[in-house]
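Colleague: predicted model and sequence follow; I will ask about them next.
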Amino acid sequence: MSAKHERLLEFLAETDDWVTAGELADRLGVTTRSVRSYVTSVKSAAKPLDVIASSTSGYRLNREAYASFVGGLRSRDAPRERVHHVIRRLGDSPTGIDVYEIAAELYVSESTVESDLRKAKLLVEEAGLSLVRRGSVVTLEGSELNRRRLLSRIFRDESAQGFLDLENIQREFSSKNLAAFKSSLLTMLDGNGYFVNEYSINNVLLHLAIAVDRAAKNQPIDIADESELSETIRSIADQLDALVRSHFGSGLGRRELVYLSVLLTTRVLTPGHDESAESIADSYLDPDDLADMRRIVALASEEYLVDLDDEDFIVRLSLHIRNLVARAAENSYSRNPMTRSIKGSYPMIYELAVFIASQVQRRHAITVNDDEIAYIALHVGSYLERQNLREERVSCAIVCPGYYDMHLMLRKKLEAELGGELQVDVVITRADVDWSALSSDIVVTTIPVPAARDNVVVIQPFLTDADVEAVRRAITTVRRHRRRMEIKDQLLQYFDERLFWRNLHAGSEAAMIRSLGASMEALGVIDSSYVEGAIEREAMSSTAFTDTIAVPHAMSMSASRTAIAIVVNETPMAWGENRVNVIALIAFSEGGRRAFQSVFDQLVEVFSDRDDVQRIVRRATDFPSFIDELVHIMDT
């Protein structure tokens, strides 16, 4: 399947509802006719599995069939998988492969294999290797280390998005002992006092499986000088050697053990599991690096008005950045399966991570990609979570007519399940309730309500799992509404009829930023340096935080006043890897610094629901109707 087919399935997988051909066309940047063609192709490829259901309401994924389709081994006659198969054959054949023989093996024409080789050449050259042709024989030339990196790359490309599946790695490299090896490895690392990044460890295990497979084929990595290796690397390599021999029945060369140990220390491990921040700093960090991280954290705290001044947080983030710099120096970044989720769900935390990453980039002259920014966001988000900077608990009234101690049991169960989110203000044990007098955020009742309000949840006298989920949904709704009301008036004052456009298009992200920026400049809101700053920020990481809205902005707050220039387009525009209907260029003034956090997060949240955005796209034909629709969405 092509990338378009895969994106079609990804979009359908995001919802349990029907999705129209028009919505899919917008998100894919194609016509509805193309969408119907893609659906037909996917159905054909998945036969006899019925992976997509069709109706007058649109399309919907049959999840069980889809899981079977994705989980099954894909046929080698699929173009991408066939190219990868050819690369693997080249890697296993020191004397090369014959074009005619491989065509016969794959039951395709010689011209098809020639086409596959042209595609393979791009991947091969990206890995620092080359294809050499002598008549009909093609060989792969280059270092063994680069060959392994290429194998790792194509395996990850074949895997479903997200975590690498250990079972797939075992199946691909005939390595049945990998799961048991992982358990022993985790025990060993924990015993050495390391935190383990579970998001990345399977990537290193993939490298291990490749190493064991290649060593068995007598294709080892060249011997390297160990004179400059740290004691940490030497120690891990020694322990790794014992584990490999125990689980796989044979050893790896010293160079391979060292290489795998370096991967572990730079991608997976953070020392100091049971150590104080001071001890970790003394043992593992350069004083200059730590001082620089304190400076960066202080700048971030000042710019975004958050309290990040915590030594434990700074030390552990410094360790992470040390490893990040080492990875970036070798252009060997860690993948993060949570990147899209973090970016869309926590835009303000992600923005803080972008700011920190930009400072690291400047100091070390490296590039920090989206996946690595998301790892920084995990550090920032987990710290802020520990500091309880999230929302306050929701107040609750319980209505449960008295019958023995049922009301007491109900309160006890609710607080046990939701005590961190719920504050019980009052318990009413009468059946004649003055519902209008209840002022709590939500009302949980075991008796029917004559005229039910949105904040009333009717439950069973004996609390069930379904009841708990219903109350949890009500809490989420209250919090969302509370947040929106807090910034509604504030947000609306930043819009200006002179900075509103409908169906305004540009050839690129930078061109759109310049177009909107020129209008802001004309009103004296910003100067040209702010526009260039917004383009620079965009180059670091796309500001399309969801599939519907892009929020370009500079990281400096140098506007004369806080304002938002906004575009609402019926036809979505390509923005990074997304296609968005709404583009909002935000300019914040120094005095608007405190508003930045709430406005930024809420603007993204308000425009994150695709149905809400489509409502605005359909109905916001001018500025007054845009404001009306925005208020309606924020009030619901």
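Modeller: Okay, I see it.
Colleague: quick one, what contacts residue 34?
Modeller: 4, 25, 28 (CB atoms under 8 Å, 6 or more residues apart in numbering). Quick note: C-beta positions are derived from backbone N, CA and C, even for glycine.
Colleague: PyMOL command to pick out the buried ones of those?
Modeller: A single PyMOL command selects the buried members of the contacts of residue 34 (16 or more other CB atoms under 10 Å):
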select buried, resi 25+28
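Colleague: in JSON lines, list the contacts of residue 34 along with pLDDT, secondary structure and distance to residue 341.
Modeller: Converted to JSON lines, the contacts of residue 34 look like this (pLDDT from 0 to 100; DSSP: H, G, I helix; E, B strand; the rest coil; distance: CB to CB, whole Å):
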{"residue": "4", "pLDDT": "75", "secondary structure": "helix", "distance to residue 341": "22"}
{"residue": "25", "pLDDT": "84", "secondary structure": "helix", "distance to residue 341": "25"}
{"residue": "28", "pLDDT": "79", "secondary structure": "helix", "distance to residue 341": "21"}
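Colleague: between the contacts of residue 34, which is nearest residue 358?
Modeller: residue 28 (31.7 Å; CB to CB).
Colleague: now that closest one: how far from residue 507?
Modeller: Taking CB to CB, to the nearest Å as the criterion, residue 28 is separated from residue 507 by 19 Å.
Colleague: for the protein, longest helix please?
Modeller: helix 465-492 (DSSP state H).
Colleague: what residues sit buried inside it?
Modeller: 467-468, 471, 474-475, 477-481, 483-484, 487-488, 491.
Colleague: right, and the helix or strand after it?
Modeller: strand 495-502 (DSSP states H and E).
Colleague: for whichever helix or strand comes after that following strand, buried residues please.
Modeller: The C-terminal neighbour of strand 495-502 among helices and strands, as given by DSSP H and E, is helix 509-522. For helix 509-522, the buried set under the neighbour-count rule, 16+ other CB under 10 Å, comprises 509-510, 512-517, 519-521.
Colleague: return the alpha-carbon coordinates of helix 509-522 using CSV.
Modeller: The C-alpha trace of helix 509-522 is given here as CSV (Å, rounded to 0.1, in the frame of the first residue of the first chain):
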residue,chain,number,x,y,z
GLU,A,509,4.1,27.8,5.8
ALA,A,510,6.7,30.6,5.6
ALA,A,511,4.7,32.4,2.9
MET,A,512,1.5,32.3,5.1
ILE,A,513,3.4,33.6,8.1
ARG,A,514,4.8,36.4,6.1
SER,A,515,1.4,37.3,4.7
LEU,A,516,-0.3,37.4,8.1
GLY,A,517,2.7,39.1,9.6
ALA,A,518,2.6,41.9,7.0
SER,A,519,-1.0,42.7,8.1
MET,A,520,0.1,42.7,11.7
GLU,A,521,3.1,45.0,10.9
ALA,A,522,0.7,47.4,9.1
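Colleague: check the offset of it from the chain's centre.
Modeller: 28 Å (CA atoms, centre = their mean, to the nearest Å).
Colleague: leaving out chain neighbours, which residue sits closest to residue 614?
Modeller: Ranked by CB to CB, 6 or more residues apart in numbering and with sequence neighbours excluded, the top spatial neighbour of residue 614 is residue 23, at 7.4 Å.
Colleague: show me where the stretch 301-450 of the chain dips below the pLDDT cut-off.
Modeller: Scanning the stretch 301-450 of the chain for pLDDT under 70 picks out the ranges 387-392.
Colleague: which stretches of it form strands?
Modeller: Secondary structure of the stretch 301-450 of the chain (DSSP state E, counting those that start in this stretch): strands at 394-399, 422-428, 442-445.
Colleague: what helices or strands is the longest one leaning on?
Modeller: Going back to what we said before, that points to strand 422-428. Applying 3 or more CB pairs under 8 Å, 6 or more residues apart in numbering; DSSP states H and E, we find strand 422-428 packed against strand 394-399, helix 406-418.
Colleague: about what we covered before: redo the strands of the stretch 301-450 of the chain as TSV? Include mean neighbour count and distance to residue 91.
Modeller: Shown next, in TSV, are the strands of the stretch 301-450 of the chain (neighbours: other CB atoms under 10 Å; distance: least, CB to CB, whole Å):
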stretch	mean neighbour count	distance to residue 91
strand 394-399	22	57
strand 422-428	16	57
strand 442-445	23	60
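Colleague: among those strands, which comes closest to residue 251?
Modeller: strand 422-428 (56.8 Å).
Colleague: quick one: residues in contact with that closest one.
Modeller: 393-400, 407, 411, 414-415, 438, 440, 471, 475.
Colleague: among those residues, which one lies nearest to residue 458?
Modeller: Nearest to residue 458 among the contacts of strand 422-428, counting by CB to CB, is residue 399 at 9.5 Å.
Colleague: in CSV, list the C-alpha atoms belonging to stretch 114-132.
Modeller: The C-alpha trace of stretch 114-132 is given here as CSV (Å, rounded to 0.1, in the frame of the first residue of the first chain):
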residue,chain,number,x,y,z
GLU,A,114,15.3,-2.5,-11.9
SER,A,115,12.7,-0.1,-10.6
ASP,A,116,13.0,-1.6,-7.1
LEU,A,117,16.8,-1.1,-7.3
ARG,A,118,16.4,2.6,-8.1
LYS,A,119,14.2,3.0,-5.0
ALA,A,120,16.6,0.9,-2.9
LYS,A,121,19.5,3.2,-4.0
LEU,A,122,18.0,6.1,-2.2
LEU,A,123,17.7,4.3,1.1
VAL,A,124,21.2,2.7,0.6
GLU,A,125,22.8,6.1,0.0
GLU,A,126,21.1,7.7,3.0
ALA,A,127,22.8,5.0,5.1
GLY,A,128,26.2,5.9,3.8
LEU,A,129,26.4,2.8,1.5
SER,A,130,26.4,2.4,-2.3
LEU,A,131,25.2,0.0,-5.0
VAL,A,132,27.8,-1.3,-7.4
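Colleague: so residue 139, which state does it fall into?
Modeller: Under the three-state scheme (DSSP: H, G, I helix; E, B strand; the rest coil), residue 139 adopts strand.
Colleague: contacting residues for it?
Modeller: Contacts of residue 139 by CB under 8 Å, 6+ apart are 90, 93-97, 131-132.
Colleague: what bridges to the closest residue to residue 393 other than its chain neighbours?
Modeller: Here the nearest residue to residue 393 in space, its sequence neighbours aside, is residue 423; by CB to CB, 6+ apart that works out to 4.3 Å. On the basis of DSSP bridges, residue 423 is bridged to residue 395.
Colleague: for residue 423, give its distance to residue 395.
Modeller: From residue 423 across to residue 395, the span is 5 Å (CB to CB).
Colleague: where does residue 60 fall, phi/psi-wise?
Modeller: Note on residue 60: its backbone torsions stand at phi -150, psi 150 [degrees, to the nearest 10].
Colleague: ok, it to residue 12 distance?
Modeller: Counting by CB to CB - residue 60 and residue 12 are separated by 7 Å.
Colleague: who has more neighbours, these two?
Modeller: Between residue 60 and residue 12, residue 12 has the larger neighbour count (other CB atoms under 10 Å), namely 25 against 16.
Colleague: ok, now which ones touch the more buried one?
Modeller: Counted by CB under 8 Å, 6+ apart, residue 12 has contacts 19, 24, 52, 59-61.
Colleague: swap in 6 Å and give it another go.
Modeller: Contacts for residue 12 (CB atoms under 6 Å, 6 or more residues apart in numbering) come out as residue 61.
Colleague: one more: residue 21?
Modeller: Taking CB under 6 Å, 6+ apart as the criterion, residue 21 is in contact with 32, 35.
Colleague: could you do the one 5 residues further on as well?
Modeller: Neighbour list for residue 26: residue 572 [criterion: CB under 6 Å, 6+ apart].
Colleague: equivalent analysis for the one 3 residues further on, please.
Modeller: Applying CB under 6 Å, 6+ apart to residue 29 gives the contacts residue 579.
Colleague: got a pLDDT number for it?
Modeller: Model confidence at residue 29, given as pLDDT, is 76.
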